[in-house]
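[1] only the shape, not the letters, is given here:
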């Protein structure tokens, strides 16, 4: 009961942190870490004990799913080099550097345990990046790189960690088939993700309730993650592929489902993120208690490894600059400011915490796991160094570098898509079977409304000319629906185009969905009023 009360308290603290973050212009995940850290040292506050092997399956699937839905396959087709170089290449290099430093600095750690530490602290967290960088209007080209990197780097880190821990526990050497194991697991995960997306869409097609459809999308990421783990594949990749494929398969006519689903997932993502980062703060008390009087010398070693994590990321990104400039494709990093921001946003999060807590206490022969307390303390130190400090200072750094995304640029991108939607709606209007049966006055009114579609995307949807109360006839409702169907079809298709930002497309699609639902509700009210029983 005490643990349940603590969880409810963390959820309430999340709501407070969101409100406080809006006022202070700070990311709420960072505030949640600090709030939970303060809570942990209040006398009488119980410890929140979650089995280490449950942390990743509980938190990672929904948070990865929510983040992956905001991107598209086209983004990865464009940025496949970045994904390989950052999500795999940089992870491997970071593991190697950290393992080497740990092996030299920590007596008796052994190479497998040192590699396990490197795998813990190597992958930046996509949830942390989205929650922190996305709220300070970081340029979309940089945020997309961070998202792409974060969605896949956990997969490489987890495979390395599991192999290293197994070697440390059994006293064996590192498995020489590590690369093949990762490639095989990734391939199986992709197949499972595609199959789960197909099955989920089929199931959703048989469900009439939009609320129940949203509930299916919550179950799917857990199901595919657990299924992938059973097949010894990457649960991370399986969840990401499922989210990308389900988003690709979205239908233009699913307006009500998208509105309900988006609202549902905004709440799920907010509370799950707050709870996950609150757990980071609470765990810190346990780590400090376990270390005791040995903390000061341990912090010295942890500080060196924290510096190594940041420096190796900066150097790796700096090396990529001349290659990106030579290709001249505009993909970051292509300058010192890009390198600084992408380094500063290499935030560790849930995966680092979960792997640290999953470290066994003893080996196969019953002896203590080599340097376990030092490894866990170092992982938590890297967490705080790369998450809390950048999270607090990022808004000021963005202002100093003058790298904030221009609202005018985002607005212009939305208007370009809105104009495409407007053109498609006009063509559909002129080809509609009932349009010539309407009085000319009503035809002109509908056409004027469609011609103002791109303007009204930034106006309150309730006052849209496409949802006015002048739609007195069923044929008008049908014509307006046909026009909006065509507009949504264009936006759904454009979302998968390489030069279209998926998030911008989603904003335009959401406004079109709202107009469609309002028209449908107006038609239902009219039918109700015409019923003899009313």
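    Alright, I've got the coordinates. Predicted model, so just to flag it, every value in this text is computed and none were measured.

[2] so which helix or strand takes in the residue nearest the centre of the chain?
    When Cα atoms, centre = their mean is applied to the chain, the residue found nearest the centroid is residue 67 (2.2 Å). Residue 67 is part of helix 52-68 when elements are defined by DSSP states H and E.

[3] how far off centre is that helix?
    10 Å (Cα atoms, centre = their mean, to the nearest Å).

[4] show me what the next helix or strand after it is packed against.
    Per DSSP H and E, helix 52-68 leads on to helix 73-78 as the next helix or strand towards the C-terminus. Packing contacts for helix 73-78, counted by 3 or more Cβ pairs under 8 Å, 6 or more residues apart in numbering; DSSP states H and E, involve helix 140-170, helix 235-248. Glycine gets a C-beta too; all of them are placed from N, C-alpha and C.

[5] comparing those, which stretch has the densest surroundings?
    Mean neighbours per residue, mean count of other Cβ atoms under 10 Å, is largest over the helices and strands packed on helix 73-78 for helix 235-248, with a mean of 26.

[6] which other residues reach that helix?
    Applying Cβ atoms under 8 Å, 6 or more residues apart in numbering, the contact partners of helix 235-248 are 56-57, 60-61, 64-65, 68-69, 71-73, 76, 151-152, 154-155, 158, 185-186, 189-190, 192-194, 196-198, 200-201, 217, 220-221, 224-229, 495-496.

[7] that one to helix 52-68, inter-axis angle?
    Orientation of helix 235-248 against helix 52-68 (axes from the mean of the first three to the mean of the last three Cα atoms, to 10 degrees) gives an angle of 30 degrees.

[8] so what's residue 50 up against?
    Contacts of residue 50 by Cβ under 8 Å, 6+ apart are 58, 279.

[9] please shift the residue numbers so they start at 12 in all later answers.
    Sure, I'll start counting at 12 from here, so that last one is residue 61.

[10] now do the SS call for it.
    Of the three states, residue 61 takes coil according to DSSP: H, G, I helix; E, B strand; the rest coil.

[11] that one and residue 70, how far apart?
    9 Å (Cβ to Cβ, to the nearest Å).

[12] could you do residue 271 as well?
    23 Å.

[13] more crowded one of the two?
    residue 70 (23 against 18; other Cβ atoms under 10 Å).

[14] quick revisit: which of the contacts of helix 246-259 count as buried?
    67, 71-72, 75-76, 79-80, 82-84, 87, 162-163, 165-166, 169, 196-197, 200-201, 203-204, 207-208, 211-212, 228, 231-232, 235-236, 238-240, 506-507 (16 or more other Cβ atoms under 10 Å).

[15] quick one, phi/psi of residue 369?
    With angles defined as degrees, to the nearest 10, residue 369 sits at phi -80, psi 0.

[16] domains in the protein, as residue ranges please.
    61-281+307-416, 419-541 (automatic domain parsing).

[17] quick one, which of these is packed in tightest?
    Note that of the domains of the chain, domain 61-281+307-416 is the most buried (mean count of other Cβ under 10 Å), with a mean of 20.

[18] distance between it and the chain's centre?
    The answer for domain 61-281+307-416 is 10 Å, by Cα atoms, centre = their mean.

[19] for that domain, measure first residue to last.
    39 Å (Cα to Cα, to the nearest Å).

[20] packing partners of the helix holding residue 78?
    Against helix 63-79 (3+ Cβ pairs under 8 Å, 6+ apart) you get helix 137-144, helix 151-181, helix 221-241, helix 246-259, helix 266-302, helix 361-368.

[21] could I get those helices as JSON lines with distance to residue 44 and mean pLDDT?
    What follows is the helices and strands packed on helix 63-79, written out as JSON lines (distance: least, Cβ to Cβ, whole Å; pLDDT from 0 to 100):
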{"stretch": "helix 137-144", "distance to residue 44": "10", "mean pLDDT": "79"}
{"stretch": "helix 151-181", "distance to residue 44": "18", "mean pLDDT": "89"}
{"stretch": "helix 221-241", "distance to residue 44": "24", "mean pLDDT": "93"}
{"stretch": "helix 246-259", "distance to residue 44": "22", "mean pLDDT": "94"}
{"stretch": "helix 266-302", "distance to residue 44": "5", "mean pLDDT": "87"}
{"stretch": "helix 361-368", "distance to residue 44": "10", "mean pLDDT": "88"}
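
[22] I'd like those helices as a markdown table, with distance to residue 113 appended.
    Converted to a markdown table, the helices and strands packed on helix 63-79 look like this (distance: least, Cβ to Cβ, whole Å):
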| stretch | distance to residue 113 |
| --- | --- |
| helix 137-144 | 23 |
| helix 151-181 | 11 |
| helix 221-241 | 28 |
| helix 246-259 | 24 |
| helix 266-302 | 16 |
| helix 361-368 | 13 |
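
[23] tell me which of the ones you listed lies nearest to residue 120.
    Across those, residue 120 has its closest neighbour in helix 151-181 (9.2 Å, Cβ to Cβ).

[24] do you know how far the nearest residue to residue 260 once chain neighbours are set aside is from residue 22?
    If the residues on either side of it in the chain are set aside, residue 260 comes closest to residue 212, at 5.1 Å by Cβ to Cβ, 6 or more residues apart in numbering. Separation of residue 212 from residue 22 (Cβ to Cβ) stands at 31 Å.

[25] distance check, the residue nearest to the centre of the chain against residue 195.
    25 Å.

[26] what stretches of the stretch 362-511 of the chain score poorly on pLDDT?
    417, 445, 460, 462-485 (pLDDT under 70).

[27] got phi/psi on residue 356?
    Main-chain torsions, residue 356, degrees, to the nearest 10: phi -100, psi 20.

[28] and residue 379, by the same measure?
    Torsion angles at residue 379 (phi, psi; degrees, to the nearest 10) stand at phi -60, psi 150.

[29] what sits against it?
    Per Cβ under 8 Å, 6+ apart, neighbours of residue 379: 372-373.

[30] do that again at 10 Å, thanks
    By Cβ atoms under 10 Å, 6 or more residues apart in numbering, the contact set of residue 379 is 371-373.
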